[in-house]
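Asks: My questions are about this predicted structure, shown below with the sequence.
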Amino acid sequence: MEQLLVPAICKIDQIIDETPDIRTYRLKFREPEMFETFKWLPGQFVEFSLLGRGECTFCISSSGTRPGYFDCSIKKAGVVTADIHSMLDEGMDVGIRGPYGNWFPVDEIKGKNLLFVGGGIGLAPLRSMIQYCIDNRNDYKDFTILYGARTSKDICYKEEIEEWKNNPSLKVILTIDKPEETWKSNVGVVPKILEEVVKPSIENTKVITCGPPIMIKYTLLSLDKLGFAPKDVITTLEMKMQCGLGKCGRCNIGSTYVCKDGPVFTYEQLKALPDEF
Amino acid sequence: MNFSVFETDKNGLQKFYEETIAKNETYAPVEKFGKYDFKKVSKLSDCDPDSPISLTMSVKPLFFPRSSKVMKYEENREGTTITETDEDPLAGKRVILGVKHCDARGLQVLDMVYKWDYIDTDYQKRRENTVIVSTRCDKADVNCFCTSLDYDVENSDAHDIRIINGLNGKIYIQAVTEKGDEFLKGVSSSQFAVSSSELAGDESAKHYKAFESSFRLKMNYKEINERLQKSFESPDFDLGAKNCISCNTCAFICPTCHCFKISDEKIKDTGVRYKSYDSCNNGYFTLMAGGHNPRPVKYRRWRQRAMHKFVYYKERFGMNLCVGCGHCAISCPVNISIFDVVTQVAN
């Protein structure tokens, strides 16, 4: 076990300021041959060590179809994440264990229309999936991304979203919670825009959603109203984790280990779990 | 099952213990301040393989240490270097004497979580290298309820060798697994009469009957398990929660609790990463960055503890995560018994 808990050293290649409290850390292994064994699919996560301060769980926010590096987008939220923001610079070392957990069902949803619904930092796991789908564009049909943030400043991956907007094969809808003078796009919370503006058809469509718990709660209700079956709604779950190996017991919900059986679940699977949220 | 069986008496058993200690790296219950903990011993007078169940700590730390070093690291101009710790994680061949039946079962239960998916090789190695010699209690403690659970205490195969105190005054040393058999074959058997497994089995059954009748606590496990499955919303989990002071003693002394935390300790440029016991009764156990906590109150944490032990683990791995040793109730500073909690919730 102890060997499994020892991380590999990664160098921070680049730090990208996304919003006032979110930064993307682009990581490369110090021993590049590590990438030969470090293969991941969208939705998987790593244990990220700021040595001496602690270890945190982050999803990988870039796709394995873009090799040679991987991204972790980190929001300043707790003790270690605050230290990560204040202590780490480009070129410094961090420890990485992983990739762990399951992934979005990239093969099962081939040939489907995809609707991505994201909020805030919840776009991070979706971004990995979106990049994966863009790089395998012919495997999937219509492609809609609905993304909401509190204010225009809190929008993550601004440059990349511009690229997506300019991509004729993607439909991108942005929204912010409250009106702003310079904001020309939608205003309103994600579930409202989903029902009033996007109005998705349930025909041959899979929904992939991630965001803050309150957004997920109302988005699931809206999707239900729009007629989506719980098995067609896929989300990733946030739960305290430490080992990522299905041993340390933190992420237990009922007999499920979120770190091994998840973090990706369908709404149907979530409904069967004990109500601990 | 035709494994070796010896018939002997009290003196013979002493000799068997002495020979074991002399020839092997041996661990046995050693008394300190009135409590027994499993320690390495060099002579029989240092230890008591017949230590009472209520005063004997679990053998779990010999397989899953209370705290272990995962790695060391050092930062310098070239970057970070990770080095192995000086701790030897793997035990050599060893024998443990005086393990109680419930405690040995605890290891069998732990095996399940350590061998699914990612394999804990250190734990596995320690298990493989250890011969467990267990002694069945003659009498139950007031907090014991091992006979009420989902395993066969009489014919348990959680240990390698069992010692049966026959009611006929004889003592039987019986191998229960191949590993135990191999070990017994190495013992200078000339001093012991070889017996049959039938005779030992008969005596074991008689002994078990007397043992079973000494239990104060009894439950219908199947019924409790079924009812608990439907009791997620029960307010009775508060029985555990209302007095609990979240000291985590129950988890630390439990033979089956296996939750751990990973923590870093860094002084200047060098640091150590530890893996240490943790418990679901801790308020911060599931506290996430940003302040969200699915189990913010004691009632919910107690529900997790009781349900994990009696429902979830059984559902996942087919074994109950409580072996009925009663240690949590004995050690609890506010006298909470998991037996009381689950029976109250289920009824």
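Replies: Yep, that arrived.

Asks: where does B:Arg301 land in three-state SS?
Replies: Three-state call for B:Arg301 (DSSP: H, G, I helix; E, B strand; the rest coil): helix.

Asks: count of neighbours near the closest residue to A:Arg150 other than its chain neighbours?
Replies: Nearest residue to A:Arg150, sequence neighbours excluded (CB to CB, 6 or more residues apart in numbering or on different chains): A:Asp177, at 5.0 Å. For every residue, glycine as well, the C-beta is placed using N, CA and C. Look at A:Asp177: counted by other CB atoms under 10 Å in any protein chain shown, it has 16 neighbours.

Asks: Now name the helix or strand holding A:Ile208.
Replies: Remark: A:Ile208 resides in strand A:205-210, with elements defined by DSSP states H and E.

Asks: thought B:Thr121 was touching A:Leu5?
Replies: No. Taking contacts as CB atoms under 8 Å, B:Thr121 lies outside contact range of A:Leu5: 11.8 Å.

Asks: OK, contacts around whatever residue of the stretch 151-300 of chain B ends up closest to chain A?
Replies: Residue of the stretch 151-300 of chain B nearest chain A, by CB to the nearest CB: B:Ala289 (2.7 Å). Counting by CB atoms under 8 Å, 6 or more residues apart in numbering or on different chains, B:Ala289 touches A:Cys56, A:Ala77, A:Gly78, A:Val79, A:Val80, A:Thr81.

Asks: what subset of the residues you listed is also close to chain B?
Replies: A:Cys56, A:Ala77, A:Gly78, A:Val79, A:Val80, A:Thr81 (CB under 8 Å from any CB of the partner chain).

Asks: And those, which is closest to chain B?
Replies: Of all those, chain B sits closest to A:Gly78, with 2.7 Å by CB to the nearest CB.

Asks: Near the closest one, how many other residues are there?
Replies: Neighbour count for A:Gly78, taken as other CB under 10 Å: 16.

Asks: got a list of what it touches?
Replies: The neighbours of A:Gly78, taking CB under 8 Å, 6+ apart as the test, are A:Cys56, B:Met288, B:Ala289, B:Gly290, B:Gly291.

Asks: Can you tell me the strand partners of the strand holding A:Ile208 and which way each runs?
Replies: Sheet pairing for strand A:205-210, assigned by DSSP bridges, gives strand A:113-119 (parallel), strand A:233-236 (parallel).

Asks: Mean neighbour count and mean pLDDT for the ones you listed - can I get that in TSV?
Replies: Converted to TSV, the strands paired with strand A:205-210 look like this (neighbours: other CB atoms under 10 Å in any protein chain shown; pLDDT from 0 to 100):
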stretch	mean neighbour count	mean pLDDT
strand A:113-119	24	94
strand A:233-236	25	94
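
Asks: need the next SSE after the strand ranked longest in chain A, C-terminal direction.
Replies: For chain A, the strand with the greatest residue count under DSSP state E is strand A:8-19. The first helix or strand that comes after strand A:8-19 along the chain, using DSSP H and E, is strand A:22-29.

Asks: is that next one anywhere near chain B?
Replies: No. Strand A:22-29 is not in contact with chain B by CB under 8 Å from any CB; minimum separation 12.2 Å.

Asks: quick one on the thing from earlier: what's the ChimeraX syntax to select whichever of the contacts of B:Ala289 are buried?
Replies: Applying 16 or more other CB atoms under 10 Å in any protein chain shown to the contacts of B:Ala289 leaves a buried subset, and the ChimeraX line that selects it is:
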select /A:56,77,78,80,81
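
Asks: Out of the contacts of B:Ala289, name the ones that lie in helices.
Replies: If you go by DSSP state H, the contacts of B:Ala289 have A:Val79, A:Val80, A:Thr81 in helices.

Asks: Closest to B:Leu199 out of those?
Replies: A:Val80 (62.1 Å; CB to CB).

Asks: Please list the residues of the stretch 1-150 of chain B that sit near chain A.
Replies: Proximity of the stretch 1-150 of chain B to chain A, by CB under 8 Å from any CB, involves residues B:68-71, B:73, B:75, B:79-80, B:82, B:85, B:89, B:113-114, B:116-118, B:120-123.

Asks: In helices, which of those residues fall?
Replies: By the criterion of DSSP H, membership of the residues of the stretch 1-150 of chain B next to chain A in helices covers B:Val113, B:Tyr114, B:Thr121, B:Asp122, B:Tyr123.

Asks: ranges for the helices of the stretch 101-250 of chain A?
Replies: Using DSSP state H, counting those that start in this stretch, the helices of the stretch 101-250 of chain A run over residues A:123-135, A:158-166, A:190-193, A:213-226.

Asks: Same list, those, but as a markdown table with distance to A:Glu181 and mean neighbour count please.
Replies: As requested, the helices of the stretch 101-250 of chain A are exported to a markdown table (distance: least, CB to CB, whole Å; neighbours: other CB atoms under 10 Å in any protein chain shown):
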| stretch | distance to A:Glu181 | mean neighbour count |
| --- | --- | --- |
| helix A:123-135 | 24 | 24 |
| helix A:158-166 | 18 | 13 |
| helix A:190-193 | 20 | 23 |
| helix A:213-226 | 25 | 17 |
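
Asks: could you dump these to a markdown table with distance to chain B and mean pLDDT?
Replies: Shown next, in a markdown table, are the helices of the stretch 101-250 of chain A (distance: least, CB to the nearest CB, whole Å; pLDDT from 0 to 100):
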| stretch | distance to chain B | mean pLDDT |
| --- | --- | --- |
| helix A:123-135 | 14 | 94 |
| helix A:158-166 | 23 | 93 |
| helix A:190-193 | 18 | 94 |
| helix A:213-226 | 7 | 92 |
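
Asks: Mind checking these for the one nearest to A:Gly98?
Replies: helix A:123-135 (13.1 Å).

Asks: Who are the packing partners of the closest one?
Replies: Judged by 3 or more CB pairs under 8 Å, 6 or more residues apart in numbering or on different chains; DSSP states H and E, the packing partners of helix A:123-135 are strand A:54-59, strand A:113-119, strand A:143-149, helix A:158-166, strand A:205-210.

Asks: Leaving out sequence neighbours, find the closest residue to the residue most central in space within chain B.
Replies: In chain B, the residue lying closest to the centroid (CA atoms, centre = their mean) is B:Pro255, at 3.0 Å. Excluding the flanking residues, the one nearest B:Pro255 by CB to CB, 6+ apart is B:Gly106, at 2.9 Å.

Asks: Could you do B:Ser4 as well?
Replies: Spatial nearest neighbour of B:Ser4, chain neighbours left out: B:Leu184 (4.1 Å); criterion: CB to CB, 6+ apart.

Asks: Give the buried residues for the helix or strand harbouring that neighbour.
Replies: Element membership for B:Leu184 (DSSP H and E) is helix B:178-185. Going by neighbour count (16+ other CB under 10 Å), the buried part of helix B:178-185 is B:Lys179, B:Gly180, B:Asp181, B:Phe183, B:Leu184.

Asks: got a list of contacts for the helix or strand just after that helix?
Replies: Next in sequence after helix B:178-185, counting helices and strands by DSSP H and E, comes strand B:193-194. The contact list for strand B:193-194, computed with CB under 8 Å, 6+ apart, reads B:Ser4, B:Val5, B:Phe6, B:Glu7, B:Thr8.

Asks: ok, those vs chain A, which is closest?
Replies: Using CB to the nearest CB, B:Ser4 comes nearest to chain A of these, at 33.9 Å.

Asks: Distance-wise, check the closest one relative to A:Glu195.
Replies: According to CB to CB, to the nearest Å, B:Ser4 and A:Glu195 sit 74 Å apart.

Asks: and the residue nearest to the centre of chain B, what is it in contact with?
Replies: Neighbouring residues of B:Pro255 by CB under 8 Å, 6+ apart: B:58-60, B:102-103, B:105-107, B:109-110, B:323, B:325, B:327.

Asks: Just the buried ones from these, in PyMOL syntax?
Replies: In PyMOL, this line selects whichever of the contacts of B:Pro255 come out buried by 16+ other CB under 10 Å:
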select buried, chain B and resi 58+59+60+102+103+105+106+107+109+110+323+325+327
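
Asks: Including secondary structure, could the contacts of B:Pro255 go into CSV?
Replies: Formatted as CSV, the contacts of B:Pro255 follow (three-state DSSP):
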residue, secondary structure
B:Ser58, coil
B:Val59, coil
B:Lys60, helix
B:Cys102, helix
B:Asp103, helix
B:Arg105, helix
B:Gly106, helix
B:Leu107, helix
B:Val109, helix
B:Leu110, helix
B:Val323, coil
B:Cys325, coil
B:His327, helix
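
Asks: Done for today, thanks.
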